[in-house]
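# prediction below, plus the sequence it came from.
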Amino acid sequence: MNYILNANEMKMYDRDTSERIGIPSMVLMERASLGVVESLKEQNLKPDRILVVAGMGNNGGDGLAVGRLLAEKGTEVTFYIAGNPDKVTPEMRRQLLILENSGFSIQRKLELAEYDMVVDALFGIGLSRNVEGEYLELIREINNFGKRGALILSLDIPSGVCADTGRILGMAVRADITVTFAYAKRGHFLYPGREYTGKLVVKNIGVTEKSFIKGRPGAFCYEKKDLQGLLPKRSPWGNKGTFGKVLLVAGSHDMCGACILCGKSILRTGAGMVKIITPACNRTILQEAFPEAMLYTFEDRPEPEKIQKSLDWADVVVAGPGLSTGDISGELMEYLLKDKRCPMVIDADGLNLLAARRELFRLAKERGGKKLIITPHPGELVRLLKTDREEYGTDREKLVSELAGELCCVVAAKDAATLVVEAGREEIYINTSGNDGMATAGSGDVLAGITGGLLAQGMDSFRCACLSVYLHGLAGEEASAGKGRYGMTASDIVEAIPTVMTLRDEDFLRCQKTPSKKI
Ligand SMILES: NC(=O)C1=CN([C@@H]2O[C@H](COP(=O)(O)OP(=O)(O)OC[C@H]3O[C@@H](n4cnc5c(N)ncnc54)[C@H](OP(=O)(O)O)[C@@H]3O)[C@@H](O)[C@H]2O)[C@@H](O)CC1
Ligand SMILES: [K+]
């Protein structure tokens with residue numbers, strides 16, 4: 001598990017590290033700059049000629065220090081500073097003095113020469129508004145250097161990217177590499193910031209959890225090393241019943257694939273049994289393509305007694321993939337929502353039904369008790385919230401939290417960087433696994449299946465949603481490693497689930513003993 005910070009949190013922890021713990025901010029700055037040089041070495045990058053573009057804040061100070069350290073190693077460095085000298089920070093002033101005392105000259109006019117690398121140290125987490133005028137031109141010029149072949153190295157965050165939201169404030173540097181300090185920032189992962197960040201490297205500078213004096217950060221992500229502590233425990237004496245029984249209500253005429261992708265993902269994640277309720281037209285294909293599933297297929301409309309029997313059997317319900325939004329589906333959803341015993345995962349048309357029929361939305365709300373996980377993509381979320389894409393783009397986190405609060409549930413808001421938010425919980429999960437190959441038909445059905453499979457193994461809803469999203473992304477990475485991002489399909493993601501959940505025997509045994517992580 002790692003933290004993802006916003007600008008205020010980072011500033012607070014920087015300040016507490018200097019003022020309360022006592023590591024001077026010049027020491028932090030020197031460590032940050034040494035970290036950048038170290039990271040270039042790790043990536044075997046040895047630029048001969050570089051340009052440092054520095055602003056008047058501490059991000060600029062980092063840039064001057066990086067240039068100085070590289071010059072010590074023989075790199076030819078051109079230093080350029082921009083901005084109002086009245087705004088210079090004490091640390092930046094000190095860096096300017098060190099350069100002056102060391103005999104370096106500092107340009108105020110940009111030299112349009114050939115450089116191997118441009119160090120972008122214009123703005124870091126102190127960017128507070130849209131960039132304009134001179135800064136806009138500079139950012140355009142840095143990007144032009146990039147187009148002409150120079151490597152663009154951004155310090156902390158590409159200048160112009162909002163550290164809190166990933167939004168572009170006017171214009172932003174398109175970095176090839178971003179070296180950030182202490183912890184990743186939200187803007188590195190939230191789109192479009194993610195596209196501008198390039199390869200992200202995080203360097204420790206001495207700001208650690210000991211600096212969380214005033215509280216922990218509000219967002220976190222999982223890392224591969226966490227899996228051992230996160231996967232549900234398996235009893236050696238367990239049977240298919242004890243590993244969880246999932247009732248999948250999915251599929252409609254011409255929509256059978258969603259049942260298969262979702263159902264297989266449930267079993268691939270470790271649940272013991274799956275029963276599918278779907279129209280009779282899907283029976284033959286399901287029996288051939290997915291023989292592990294039990295079925296209740298119906299001709300015109302499902303019989304209430306049989307639905308109830310299936311509900312009584314199940315530990316968890318997954319509803320919605322390929323379901324369609326007709327009246328029969330609406331009736332089915334009503335039955336499912338009225339039965340408040342089983343935790344439920346709702347996806348796709350299940351969510352569209354909730355959005356279209358307020359009665360169903362009310363029933364979902366009444367379930368309460370956080371026994372509901374919903375997995376909307378942006379279109380579904382916008383429909384549920386009765387808002388538009390523009391508003392969704394301006395403050396996604398706020399809207400997702402509102403929806404979680406209204407339905408008293410866990411929302412996994414799917415997107416390139418999926419957010420998981422639980423009603424009443426301040427901390428959010430930001431997913432960092434996965435890639436663009438996952439933007440393929442049926443990928444969402446796989447996530448719904450993974451979520452149902454983990455929930456059926458007894459996980460708490462929030463942790464289950466976070467882990468599902470993370471595993472789904474890892475399985476996507478695994479699928480793209482085999483098939484490539486162009487050609488991979490949702491079925492490849494399903495097939496990759498076991499690989500990413502496989503622990504070496506010794507890790508598996510340790511996993512059974514490790515207490516489950518609290519977050
Ligand atoms: N503190 C520490 O211990 C450590 C900090 N570290 C480094 O410090 C960085 C944060 O430094 P920082 O807070 O000085 O902010 P920074 O990003 O350099 O810019 C602020 C300046 O930009 C200006 N400005 C803002 N927006 C603007 C706009 N649109 N257009 C024009 N101007 C604009 C703003 O002016 P103002 O808003 O006051 O008008 C101010 O002058 C951090 O990212 C990391 O790299 C590391 O060394 C590790 C240790
Ligand atoms: K920067």
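Structure's in. What do you need? Ligands and ions are numbered 1, 2, ... in the order given.

# residues near whatever residue of the stretch 301-450 of the chain ends up closest to ligand 1, how many?
Nearest to ligand 1, among the residues of the stretch 301-450 of the chain, is T394, at 18.3 Å (C-beta to the nearest ligand atom). Any C-beta I mention is one placed from the backbone N, CA and C, and that applies to glycine too. By other C-beta atoms under 10 Å, the residues close to T394 number 11.

# quick check: pLDDT value at it.
The model reports T394 with a pLDDT of 76.

# now the phi/psi pair for it, please.
For T394, the backbone dihedrals (degrees, to the nearest 10) come out as phi -80, psi -40.

# could you report the distance from it to G458?
Using C-beta to C-beta, to the nearest Å, we find T394 at a distance of 38 Å from G458.

# same thing with L351?
L351 is 25 Å from G458, by C-beta to C-beta.

# ok, those two, which is more surrounded?
L351 (27 against 16).

# need the contact list for the more buried one.
Applying C-beta atoms under 8 Å, 6 or more residues apart in numbering, one finds that L351 lies in contact with 320, 374-376, 380, 383-384.

# what's the most distant pair in those?
Of all pairs drawn from these, the one with the longest distance (C-beta to C-beta) is T375 and R383, at 13.9 Å.

# which of these two has more neighbours?
Legend: neighbour count by other C-beta under 10 Å for T375 and R383, higher for T375 (32 against 15).

# verify the contact between that one and M344 for me.
No: using C-beta atoms under 8 Å, T375 is not in contact with M344, being 11.3 Å away.

# give me the pLDDT value at E397.
pLDDT recorded at E397 is 90.

# next: L503.
Note on L503: pLDDT of 80.

# neighbours of it, how many?
Applying other C-beta under 10 Å, we find 14 residues neighbouring L503.

# for K73, same thing?
Neighbours of K73 (other C-beta under 10 Å): 10.

# next one: A280
12.

# circling back to that earlier point, give me the buried entries from the contacts of L351.
Neighbour-count burial (16 or more other C-beta atoms under 10 Å) applied to the contacts of L351 gives 320, 374-376, 380, 384.

# and Y429, that one's in a strand?
Yes: counting by DSSP: H, G, I helix; E, B strand; the rest coil, Y429 falls inside a strand.

# tally of neighbours for it?
Y429: 27 surrounding residues under other C-beta under 10 Å.

# what do you get for A184?
By the other C-beta under 10 Å criterion, the neighbourhood of A184 contains 23 residues.

# buried ones in stretch 277-294?
Buried positions in stretch 277-294, judged by neighbour count with 16+ other C-beta under 10 Å: 277-279, 282-283, 286, 290, 293.

# for stretch 89-96, same thing?
89, 91-92, 94-96.

# again, but for stretch 356-365
357, 360-361, 363-365.

# same question, stretch 440-449
For stretch 440-449, burial by neighbour count (16+ other C-beta under 10 Å) applies to 440, 442-449.

# and those as CSV, adding distance to ligand 1 and pLDDT?
Formatted as CSV, those follow (distance: C-beta to the nearest ligand atom, whole Å; pLDDT from 0 to 100):
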residue, distance to ligand 1, pLDDT
T440, 36, 95
G442, 41, 97
S443, 35, 98
G444, 36, 98
D445, 41, 98
V446, 38, 98
L447, 34, 98
A448, 39, 98
G449, 41, 98
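
# could you dump those residues into a markdown table and include distance to Q512 and secondary structure?
A markdown table is the format used below for the buried residues of stretch 440-449 (distance: C-beta to C-beta, whole Å; DSSP: H, G, I helix; E, B strand; the rest coil):
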| residue | distance to Q512 | secondary structure |
| --- | --- | --- |
| T440 | 35 | coil |
| G442 | 33 | coil |
| S443 | 31 | helix |
| G444 | 31 | helix |
| D445 | 30 | helix |
| V446 | 26 | helix |
| L447 | 26 | helix |
| A448 | 27 | helix |
| G449 | 24 | helix |
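
# restrict the residues you listed to contacts with ligand 2.
When contact is defined as C-beta under 5 Å from the ion, the buried residues of stretch 440-449 do not meet ligand 2 at all.

# from these, which single one is nearest E426?
For the buried residues of stretch 440-449, the nearest to E426 is L447 (24.3 Å; C-beta to C-beta).

# near ligand 1, which residues of this protein?
With C-beta under 6 Å from any ligand atom as the criterion, the chain meets ligand 1 at residues 14, 18, 25, 28-29, 32, 55-60, 62, 87, 89, 123-131, 135, 155-156, 181, 205.

# which of those are buried?
14, 18, 25, 28-29, 32, 55-60, 62, 89, 123-127, 131, 135, 155-156, 181, 205.

# burial count for Y392?
Y392, neighbours per other C-beta under 10 Å, totals 19.

# give me the contacts around the helix or strand containing it.
For Y392, the host element (DSSP states H and E) is helix 389-394. Applying C-beta under 8 Å, 6+ apart, the contact partners of helix 389-394 are 378, 381-382, 385, 399.

# show me which residues of the stretch 1-150 of the chain sit near ligand 2.
With C-beta under 5 Å from the ion as the criterion, the stretch 1-150 of the chain meets ligand 2 at residues D120.

# rerun at 8 Å
Counting by C-beta under 8 Å from the ion, the stretch 1-150 of the chain comes close to ligand 2 at 59, 63, 120-124.

# give me the subset of these lying in helices.
If you go by DSSP state H, those have 59, 63 in helices.

# so of the residues of the stretch 1-150 of the chain next to ligand 2, which ones are in strands?
Of those, the ones assigned to strands by DSSP state E are 120-121.
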